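K.L.:
Sequence below, structure please.
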Amino acid sequence: MSNARYFDLVGDIVVILDDKADVAFINSFGADLLGMSRTDIIGKNWFDLFITEKERPNFRKMYQKLLRTNDPNLIEYVNDIYLANGNKLTIAWKNNVISDSACKISGIVSSGRDITAQLKSQEEIYEKVAELEKINSLMISRELKMIELKQEIEKLNKK
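P.N.:
Numbering: from 1, shown residues only. Now for the predicted structure:
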């Protein structure tokens, strides 16, 4: 089994970008998740394929900064990518700078986990918690009002 085939066993996107962010390698899992063939991705610029036009300049700056400085703040990050079919995925990335034998940085290898469904589930949980807190607040207010009314009735009965 070639070394590249091991990357196909990983349940995450594994992508290698050169110093211009052109895709040098992507595993089969990643290509399948992105809804494209490996041959349609390899050789193309990652940002042109999966980042909105508006966001590309910022991502290119961050990428160049990571290449220049290996900034620890950029080693792990989360961002949205956009597929050709219009769907959006939220990916949690781990990045490692690649250097050649002369220690010249030549690109980045990244692994990315699709956390779209996880974030959606978390959002649904937060919404349910907020709904339950509202109901609880209403119930407490109702109970306090009932106590207040009982006290008023007791005062009236004493008179």
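K.L.:
burial count for the residue lying closest to residue 7 once chain neighbours are set aside?
P.N.:
What sits nearest to residue 7 in space, not counting adjacent residues and going by Cβ to Cβ, 6 or more residues apart in numbering, is residue 27, at 4.0 Å. C-beta here means a position set from N, CA and C on the backbone, and glycine is covered the same way. By other Cβ atoms under 10 Å, 23 other residues sit near residue 27.
K.L.:
show me what contacts residue 27?
P.N.:
By Cβ atoms under 8 Å, 6 or more residues apart in numbering, the contact set of residue 27 is 4, 7, 8, 10, 13, 14, 15.
K.L.:
Likewise for residue 18?
P.N.:
Applying Cβ under 8 Å, 6+ apart, the residues near residue 18 are 24, 106, 107.
K.L.:
got the contact list for the helix or strand hosting the first one?
P.N.:
Spelled out, that is residue 24. Applying DSSP states H and E as the criterion places residue 24 in strand 23-26. Among residues not part of strand 23-26, those counted as contacts by Cβ under 8 Å, 6+ apart are 4, 7, 13-18, 34, 38, 41-46, 49, 107.
K.L.:
could I get it in PDB with only the CA atoms?
P.N.:
Taking Å, rounded to 0.1, in the frame of the first residue of the first chain, the C-alpha atoms of strand 23-26 are listed here in PDB:
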ATOM      1  CA  VAL A  23      -3.700  21.600  -4.100                       C
ATOM      2  CA  ALA A  24      -0.800  19.200  -4.400                       C
ATOM      3  CA  PHE A  25      -2.800  16.300  -2.800                       C
ATOM      4  CA  ILE A  26      -6.200  15.500  -1.400                       C
END
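K.L.:
Tally up the residues packed near residue 57, please.
P.N.:
Residue 57: 11 neighbours (other Cβ under 10 Å).
K.L.:
my bad, should have said residue 64
P.N.:
13.
K.L.:
How about residue 51?
P.N.:
Residues lying near residue 51 (other Cβ under 10 Å) number 20.
K.L.:
show me what contacts the closest residue in space to it that isn't next to it in sequence?
P.N.:
The spatial neighbour of residue 51 that comes closest, neighbours along the chain excluded (Cβ to Cβ, 6+ apart), is residue 59 at 5.2 Å. Under the criterion of Cβ under 8 Å, 6+ apart, the neighbours of residue 59 are 47, 51, 79.
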